[in-house]
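Student: Structure for the following, please:
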Amino acid sequence: MSGFSRHPWLKWEQIEKFLGQKLPFGEKGQTFLDNMSWVEGYVQDMLKKAMPNTEVNTSSRAGSTSTETFETHEHVIVKVKLPKDEDPRAMRVFVKSNQIKITGYLSGKKKTVKLPTLVLPRSTRVTYKQRILEIRVRKSGLKEHYVEAFIRF
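Tutor: Alright, predicted model coming up:
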């Protein structure tokens, strides 16, 4: 029994319109389910469109450092790879609710990293290991509690 007669409500034209492309049927006599190799490419394209990009910045010129930003459930983590000639003890990290600023480069320049979500600046922990400066900041609003606002009379 072919797919058309089992599901009379299934209209391939509507599916092709929804997917935005023609369905690849192979040779004559081959059914739709016999050639599913196109699905992987389609799924990858949809995931690229639907998933937010994790920022991987390698274009900064402040000492030619590379930066990687990613999120966990509770934190935003920024990893900055420092060149060999940079002194990690001279570095200073400033955190705002939506960005991080790093100073102390030999060139005198500053590096600013925009964060993908709001964070709690006072929760920042910075570690340095094997030429990587890791900045870990707790996300804002994870466990929002009510704060009483007192009424003035």
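
Student: Alpha carbons only: can I get the top helix by length along the chain in CSV?
Tutor: In the chain, with assignment by DSSP state H, the single longest helix is helix 38-50. Extracted in CSV, the C-alpha atoms of helix 38-50 (Å, rounded to 0.1, in the frame of the first residue of the first chain):
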residue,chain,number,x,y,z
TRP,A,38,18.0,15.0,2.4
VAL,A,39,16.5,15.2,6.0
GLU,A,40,19.8,15.7,7.7
GLY,A,41,20.7,18.8,5.7
TYR,A,42,17.2,20.2,6.2
VAL,A,43,17.3,19.6,10.0
GLN,A,44,20.8,21.2,10.2
ASP,A,45,19.5,24.3,8.3
MET,A,46,16.5,24.6,10.6
LEU,A,47,18.6,24.3,13.7
LYS,A,48,20.9,27.0,12.5
LYS,A,49,18.0,29.3,12.0
ALA,A,50,16.2,28.5,15.3
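
Student: what residues are up against Val78?
Tutor: 67-69, 100, 113, 115, 134-135, 137 (CB atoms under 8 Å, 6 or more residues apart in numbering). Using the backbone N, CA and C atoms, a C-beta is placed for each residue, glycine as well.

Student: What distance do you get for it to Phe18?
Tutor: Noted for Val78: a distance of 39 Å to Phe18, by CB to CB, to the nearest Å.

Student: Put the alpha carbons of stretch 120-138 into CSV.
Tutor: The C-alpha coordinates for stretch 120-138 follow below in CSV (Å, rounded to 0.1, in the frame of the first residue of the first chain):
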residue,chain,number,x,y,z
LEU,A,120,24.4,39.8,38.6
PRO,A,121,27.8,41.7,38.6
ARG,A,122,28.6,41.1,42.3
SER,A,123,28.5,37.3,41.7
THR,A,124,31.5,37.4,39.3
ARG,A,125,34.3,34.9,39.8
VAL,A,126,37.4,35.2,37.6
THR,A,127,40.1,32.6,37.4
TYR,A,128,43.3,32.4,35.3
LYS,A,129,44.8,29.1,34.2
GLN,A,130,47.0,28.2,31.2
ARG,A,131,46.7,31.6,29.6
ILE,A,132,42.9,31.5,29.8
LEU,A,133,41.0,34.1,31.8
GLU,A,134,37.7,32.6,32.8
ILE,A,135,34.9,34.9,33.9
ARG,A,136,31.9,33.3,35.4
VAL,A,137,28.8,35.4,36.3
ARG,A,138,25.5,34.3,37.7
